[in-house]
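Asks: heads up, no residue letters with this:
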């Protein structure tokens, strides 16, 4: 899967998994922070994203420090998926 396709798919999955019904994939910038001033996600959302990565891509995040490094933005998530996916 091409990087841009993966990013689009990730945006759709983030919207679906987090029930962000008022958002569209084009509303999320690839380099926009997912937490804080960016999309404004919280710690519960981070758990949902960890489940998404495991369920959809076979990626297991055990250490919360790793989660903070991976769940920065769509670019970082896509890079990690490309590097470590098992499915």
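Replies: Ah, there it is. The shown structure was predicted, so the numbers you read here are calculated from the model rather than taken from an experiment. Numbers count the residues shown, from 1 in each chain.

Asks: how many residues are close by the closest residue to residue 50 other than its chain neighbours?
Replies: Closest residue to residue 50 apart from its sequence neighbours, by CB to CB, 6 or more residues apart in numbering: residue 61 at 5.0 Å. Where C-beta positions appear, they are placed from N, C-alpha and C, glycine not excepted. Around residue 61 there are 21 other residues, counting by other CB atoms under 10 Å.

Asks: please report phi then psi for residue 71.
Replies: For residue 71, the backbone dihedrals (degrees, to the nearest 10) come out as phi -90, psi 40.

Asks: hang on, it packs against residue 34?
Replies: Yes: if you go by CB atoms under 8 Å, residue 71 and residue 34 touch, sitting 5.9 Å apart.

Asks: quick one: the helices in this structure?
Replies: With DSSP state H, the ranges of helices along the chain come out as 3-17, 43-57, 64-70, 74-84.

Asks: still on that earlier bit, what is in contact with residue 71 and residue 34 at once?
Replies: Shared contacts of residue 71 and residue 34 (CB atoms under 8 Å, 6 or more residues apart in numbering): residue 49.

Asks: shaky segments in this structure?
Replies: For the chain, the stretches flagged by pLDDT under 70 are 85-87.

Asks: again, 90 this time
Replies: 1-2, 36-38, 63-66, 68, 84-87 (pLDDT under 90).

Asks: let me know the outermost residue of it.
Replies: In the chain, the residue that sits farthest from the middle, by CA atoms, centre = their mean, is residue 22; the gap is 17.5 Å.
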